[in-house]
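sequence isn't available, so here's the structure alone:
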Ligand code: PAF
């Protein structure tokens with residue numbers, strides 16, 4: 001696997017492949033790679049000729065500089081994992097390469113829909129940071145395909161909308177959530193969970209899937225179900241940010257006759273903010289397809 005720190009070098013490496021008509025996939029990450037990321041690389045490999053992974057801890061999407069500071073940096077281990085899975089190129093630019101004029105005057109990509117709800121409500125500016133860096137990465141790599149984890153469902157929805165709005169010729173794919181043996185969604189943030197809280201955090205996934213089960217059986221009391229799930233989580237001492245049943249295509253609050261649904265949730269442990277979701281499609285017989 002070749003590693004590139006500079007935009008120009010990365011671009012010239014990709015040029016011959018592009019001329020040959022090879023399909024290029026990009027998997028953007030912030031590093032600290034776990035099985036979830038590796039499954040995205042595998043997915044990218046299966047659908048293209050060249051796979052580029054990027055590692056860049058994007059300060060623009062963090063609310064507090066302390067959060068950015070404490071984001072785990074595990075570059076050597078990440079490279080090992082990427083080599084093992086057969087990633088072709090790693091693009092790992094520094095801050096000066098990505099934001100040479102500083103953050104304050106950096107041009108931004110703003111997606112006005114879907115960004116001030118759910119996670120965007122408690123993390124103002126976060127999605128602007130994401131769409132800005134992802135569009136820069138898209139411009140640098142010019143991939144045909146890109147793969148993002150479905151755990152960050154709102155993120156991938158916003159990116160899909162940005163791609164559509166900006167007429168970018170890039171297919172955005174979602175990779176399924178990878179889970180620990182107790183069901184906890186894999187995430188770099190899991191490293192921050194205190195050991196006494198670790199056995200209890202599976203409650204987030206369990207509560208969301210319980211709502212999913214009720215919906216699949218025809219329960220349409222969205223508010224009641226959200227309330228029950230929140231109470232179950234709070235009983236274990238966690239603070240709920242939101243539990244919300246939404247239309248998975250628009251992220252609008254679910255309507256009675258919606259068939260494409262998603263139950264999204266975010267909660268705080270003492271030292272980590274965790275998110276998860278349960279996607280379901282109701283068919284005419286109220287069956288569940290996940
Ligand atoms: O999901 C992430 O790791 C980040 O938000 C992303 C997409 C790499 C942008 O910095």
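Yep, it's here. Fair warning: this is a prediction, and the values are worked out from it, not measured in the lab.

point out the residues in the stretch 151-290 of the chain that sit beside the ligand.
152, 155 (C-beta under 6 Å from any ligand atom). Glycine gets a C-beta too; all of them are placed from N, C-alpha and C.

can you do 8 Å?
Residues of the stretch 151-290 of the chain found near the ligand (C-beta under 8 Å from any ligand atom) are 152, 155, 159, 188.

list the contacts for the residue of the stretch 151-290 of the chain found nearest the ligand?
The ligand sits closest to residue 152 of the stretch 151-290 of the chain, with a gap of 5.3 Å, by C-beta to the nearest ligand atom. Taking C-beta atoms under 8 Å, 6 or more residues apart in numbering, we find residue 152 in contact with residue 275.

how far away is the residue in the stretch 51-200 of the chain that the ligand sits nearest to from residue 238?
As assessed by C-beta to the nearest ligand atom, the ligand sits closest to residue 58 within the stretch 51-200 of the chain, at 4.0 Å. Going from residue 58 to residue 238 by C-beta to C-beta, to the nearest Å gives 27 Å.

what does residue 19 give?
Residue 19 is 53 Å from residue 238, by C-beta to C-beta.

still on that earlier bit, what is the lowest-pLDDT residue among the residues of the stretch 151-290 of the chain next to the ligand?
Within the set of those, pLDDT is lowest for residue 188 (95).

report how many residues lie close to that one.
If you count neighbours by other C-beta atoms under 10 Å, residue 188 ends up with 19.

returning to what we had before: which one's more surrounded, residue 19 and residue 238?
Neighbours were counted for residue 19 and for residue 238 using other C-beta under 10 Å; residue 238 has more, 20 against 8.

where along the stretch 1-150 of the chain do the helices fall?
Applying DSSP state H, counting those that start in this stretch to the stretch 1-150 of the chain gives helices spanning 7-19, 35-47, 65-70, 75-85, 95-98, 119-122, 126-141.

just to be sure, residue 276 is in a strand?
Yes - checked against DSSP: H, G, I helix; E, B strand; the rest coil, residue 276 lies within a strand.

and it, what does it touch?
151, 177, 185, 204-205, 208, 264-265.

need the strands for the stretch 51-200 of the chain, in chain order.
Ranges of strands within the stretch 51-200 of the chain are 89-91, 145-149, 171-175, based on DSSP state E, counting those that start in this stretch.

now do the last one and helix 126-141, the angle between them.
Going by axes from the mean of the first three to the mean of the last three C-alpha atoms, to 10 degrees, strand 171-175 is angled at 120 degrees with respect to helix 126-141.

coming back round to it: want to try CSV for the helices of the stretch 1-150 of the chain, with mean pLDDT and distance to residue 107 as columns?
CSV is the format used below for these (pLDDT from 0 to 100; distance: least, C-beta to C-beta, whole Å):
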stretch, mean pLDDT, distance to residue 107
helix 7-19, 98, 16
helix 35-47, 98, 28
helix 65-70, 91, 20
helix 75-85, 98, 28
helix 95-98, 98, 12
helix 119-122, 97, 20
helix 126-141, 98, 8
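
next one: the most centrally placed residue in the chain relative to residue 40, how far apart?
When C-alpha atoms, centre = their mean is applied to the chain, the residue found nearest the centroid is residue 152 (3.2 Å). As for residue 152, its distance to residue 40 is 11 Å (criterion: C-beta to C-beta).

go on, residue 84?
Here the criterion is C-beta to C-beta. By it, residue 84 lies 14 Å from residue 40.

what about stretch 41-55, how long is it end to end?
One end of stretch 41-55 to the other measures 13 Å (C-alpha to C-alpha, to the nearest Å).

contacts only, for residue 27.
Going by C-beta under 8 Å, 6+ apart, residue 27 touches 37, 40-41, 44, 51-54, 87, 146-147.

out of those, who's nearest residue 132?
When the contacts of residue 27 are compared for distance to residue 132 (C-beta to C-beta), residue 54 wins out at 14.1 Å.

can you get me a residue count around that closest one?
Residue 54 is flanked by 25 other residues according to other C-beta under 10 Å.
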